[in-house]
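Visitor: Give me a 3D structure for the following:
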Amino acid sequence: MNPLSFIYNEILYYPLFNLMVFFYNVIPGQDIGVAIIMVTLLVRFVLYPMNSKSIKSQRAMQAIQPEMKAIQKKYKEDKEKQAKELMALYQRRKVNPFSGCVPLLVQFPVLIALYHVFINGFKEESLAILYPFVSNPGYLNPISFGIINLSETNLCLALIAASLQYFQTKMLMGQKKNKEDGDKNEEENKEKTAEEKTQDFAQSMTKQMIYIMPVLTFVFAMSFPSGLALYWAVTTLFAIVQQRIIMRKKKNQDQEQEVEVVK
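Guide: Numbering: from 1, shown residues only. This next block holds a predicted model:
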């Protein structure tokens, strides 16, 4: 075993798998679905600060998009001045364009580990990696809530996961107008630089993610045991609630600032 695999197993995969089995043992009725939900919620609570930082950063970047476009248009012939003005904008609005990426990179190994936990969890040989203080149940019953076999694909869970992914992506991107630049005439479009056209293409692709992500979620959910779909549905629902809390706090803060300005 190479050093990276050893670190991955010892720090992430083994602890998360043992945590799932622990919940499975202590939950009345030993329902693996409830155990997966408990593991998912615990992980989400641990990562809550990082997720909050990522969401705030993405919302902040969306809020300053009009100002960024104005700067890029004004200094499209002077890239050095454009870069300085953008940096000044980030500092003035207290936005770090890279702060939203770091939490996602940190969480990625955790997501991979959870994926392996839910994929391998129903294999009896996986119980060999249990810690001494975690009781060996001998067998993990894949039937959850008395009707769903989480070791097989499940259409309903796949649809639920995909639907929640749609709402989560739509909420994160905000209520933007689909025809934001629809009033621009052909002459203005011809005057766009190659960089501006590339940015417009990237923004168009970002909007398409509202539909692409749910489709990908459904495809993956129908390709693996539904325990993974249950995890994805729960973690996405948690993210939706978290985003609403953050957005509500931001709205209240903006209202308080407006009141102070009026005073």
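Visitor: helix, strand or coil for residue 135?
Guide: What DSSP: H, G, I helix; E, B strand; the rest coil gives for residue 135 is coil.
Visitor: For it, which non-adjacent residue is spatially closest?
Guide: residue 25 (5.2 Å; C-beta to C-beta, 6 or more residues apart in numbering). Backbone N, C-alpha and C define where each C-beta goes, glycine included.
Visitor: hang on, isn't that neighbour packed against residue 130?
Guide: No: with contacts counted by C-beta atoms under 8 Å, residue 25 stays clear of residue 130, the gap being 10.0 Å.
Visitor: Of these two, which one has the most company?
Guide: Counted by other C-beta atoms under 10 Å, residue 25 and residue 130 do not tie: residue 130 has more neighbours, with 16 against 13.
Visitor: For stretch 144-161, list every residue counted as buried.
Guide: 144, 148, 149, 150, 151, 153, 154, 157, 158, 159, 160, 161 (16 or more other C-beta atoms under 10 Å).
Visitor: residues in contact with the residue nearest to the fourth one when sequence neighbours are not counted?
Guide: The shortest distance from residue 150 to any residue other than its chain neighbours is 3.9 Å, reached at residue 227 (C-beta to C-beta, 6+ apart). Residue 227 makes contact with 32, 33, 36, 118, 119, 121, 122, 142, 150, 151, according to C-beta atoms under 8 Å, 6 or more residues apart in numbering.
Visitor: low-confidence ranges in this structure?
Guide: By pLDDT under 70, the weakly predicted segments of the chain are 1, 98-104, 172-207, 253-263.
Visitor: Please, where are all the strands along it?
Guide: 143-144, 148-149 (DSSP state E).
Visitor: nearest to residue 66, of those?
Guide: Of all these, it is strand 148-149 that lies closest to residue 66, at 46.6 Å by C-beta to C-beta.
Visitor: next one: the closest one to chain centre, how far?
Guide: In terms of C-alpha atoms, centre = their mean, to the nearest Å, the centre of strand 148-149 is set 26 Å apart from its chain centre.
Visitor: Direction included, what does that strand pair against?
Guide: strand 143-144 (antiparallel) (DSSP bridges).
Visitor: got a list of contacts for stretch 120-129?
Guide: So stretch 120-129 is contacted by 14, 17-18, 20-21, 32, 136-140, 142, 150-151, 225, 227 (C-beta under 8 Å, 6+ apart).
Visitor: any chance of the contacts of residue 227 in JSON lines, with distance to residue 90 too?
Guide: Below are those laid out as JSON lines (distance: C-beta to C-beta, whole Å):
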{"residue": "32", "distance to residue 90": "46"}
{"residue": "33", "distance to residue 90": "44"}
{"residue": "36", "distance to residue 90": "40"}
{"residue": "118", "distance to residue 90": "39"}
{"residue": "119", "distance to residue 90": "41"}
{"residue": "121", "distance to residue 90": "44"}
{"residue": "122", "distance to residue 90": "48"}
{"residue": "142", "distance to residue 90": "49"}
{"residue": "150", "distance to residue 90": "45"}
{"residue": "151", "distance to residue 90": "48"}
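Visitor: Mark which of these are buried, thanks.
Guide: Counted by 16+ other C-beta under 10 Å, the contacts of residue 227 give 32, 33, 36, 118, 121, 122, 142, 150, 151 as buried.
Visitor: Now do the fourth one against residue 24, distance only.
Guide: Residue 118 is 12 Å from residue 24, where distance means C-beta to C-beta, to the nearest Å.
Visitor: Repeat that for the last one.
Guide: According to C-beta to C-beta, residue 151 stands 14 Å off from residue 24.
Visitor: What segments of the stretch 51-200 of the chain are helices?
Guide: Using DSSP state H, counting those that start in this stretch, the helices assigned to the stretch 51-200 of the chain run over residues 65-74, 79-92, 101-120, 155-173, 186-190, 194-221.
Visitor: right, so of these, which gets closest to residue 40?
Guide: When those are compared (using C-beta to C-beta), the closest one is helix 101-120, at 7.6 Å.
Visitor: For that closest one, buried residues please.
Guide: 103, 110, 113, 114, 115, 116, 117, 118.
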